[in-house]
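Engineer: fold the following.
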Amino acid sequence: MNKILTIIVPTYNAEKYLRRTLESFLIETILEEIEVLVINDGSTDNSLAIAMEYASRHPDSYHVITKENGGHGSGINCGIENATGFYFKVVDADDWVDSAAFCRLVETLKQKNADIIYSGFLWAFDEGQGDTSLFHTKAEIEEPFKNVVYGKLYQFDEVANALYIKMHNMTIRTDLLRKCQQRIDEHCYYVDMEYITYPIPYVQTICFIKEYVYMYRIGRQSQSVGIEKMQQNECDYNRVIHSLLNFYNQLDEEIPCTAAKKHYIARMIARVIAGKIKILLSFPRSKEKKQELVKFDRKIKKEYPEIYDGNVNGAVSILRKSWYFTYDVMSILVRAKY
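Structural biologist: The predicted structure follows:
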């Protein structure tokens, strides 16, 4: 039968977490309606054996694709190429879904013909408890925007100005990911922003469900979102910014895009720009780092004024309003926080 949803699980040396992830999809009432693609990205541990165990037990729903290591973006690209489901969702190999909420998502996918279904996610704090049911959880965003009507089919442009869609929120029509024809950077961290931004010009409708579907494990020392990792991987962050700006330059030219969607994309890229500024502030204070920050930010202001004006980060706003005289203070605060 045709699958309503493909879940891809990009996997690299995730033997400690993968079983929990794959088990969360193993729901008898919906198993025939979903496809789980484990993209084994050149793992050298037991990840492949774990994935093959599920594929052997449930061959109609679990499948394994093994490829050379190419990073998270490579896994997503591979998933897009091989997915057979009408909808597409990424779940990282150390995360999982809440069973009841996931069932509600699948039911909504069958009932609504939206381009994107937006569902909530929870931070799940891994402090070594072992049992994920003992994790403290917290919603980063409790509702997508004020007075949202859950279950309503919205035109995307109607609500674009109020939205911020993260990868964990998004379930999207597979054909839209293929239609945008944008390859996500490979051998690179921080490509989530590319994945959630590139299809936006083609999105017409969006529907929201109240449930928290995605459980985002946070607190692992190896996570790329830690500030030390972001410093180490600053070149990757720069690469993603470069790719997103190139994409933005194509809007209205090679890629038709409404004004509302272009403004939404500008605000999304502005968040990545704020992240770059946070990285620069996190280094030990120096005249050189300040000059690098100022030069970068002024370049954005000159060449991408809508992205510059799309900033919502308070620290970045203070820096700009003070003409960067607060650099020392902001650097101290960022370094103290992280």
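Engineer: let's check: the centremost residue of the protein is which one?
Structural biologist: Against the mean C-alpha coordinate of the chain, by C-alpha atoms, centre = their mean, the closest residue is residue 167 at 2.9 Å.
Engineer: pull the number of nearby residues for the closest residue to that one other than its chain neighbours.
Structural biologist: Distances taken as C-beta to C-beta, 6 or more residues apart in numbering put residue 192 closest to residue 167, at 4.5 Å, once the chain neighbours are dropped. Heads up, the C-betas are built off the backbone N, CA and C, glycines and all. Residues near residue 192, counting by other C-beta atoms under 10 Å, number 21.
Engineer: try residue 47
Structural biologist: Counted by other C-beta under 10 Å, the residues lying close to residue 47 total 26.
Engineer: what's next to the helix or strand hosting residue 331, contact-wise?
Structural biologist: Residue 331 is part of helix 327-337 when elements are defined by DSSP states H and E. Helix 327-337 has contacts (C-beta atoms under 8 Å, 6 or more residues apart in numbering) with 227, 278, 281-285, 289-290, 293, 315, 318-319.
Engineer: pull the most distant pair out of these.
Structural biologist: Based on C-beta to C-beta, the longest span within these runs between 284 and 318 and measures 20.3 Å.
Engineer: three-state assignment of the closest residue in space to residue 140 that isn't next to it in sequence?
Structural biologist: Leaving aside its chain neighbours, residue 140 sits nearest to residue 123 (6.1 Å; criterion: C-beta to C-beta, 6+ apart). With DSSP: H, G, I helix; E, B strand; the rest coil as the basis, residue 123 sits in strand.
Engineer: so the residue nearest to the centre of the chain touches residue 195, yeah?
Structural biologist: Yes: counting by C-beta atoms under 8 Å, residue 167 touches residue 195, with 6.1 Å between them.
Engineer: which residues are common contacts for those two?
Structural biologist: With C-beta under 8 Å, 6+ apart as the test, residue 167 and residue 195 both reach residue 90.
Engineer: ok, back up a step: the residue nearest to the centre of the chain: what's it in contact with?
Structural biologist: Residue 167 makes contact with 90, 192, 195, 196, according to C-beta under 8 Å, 6+ apart.
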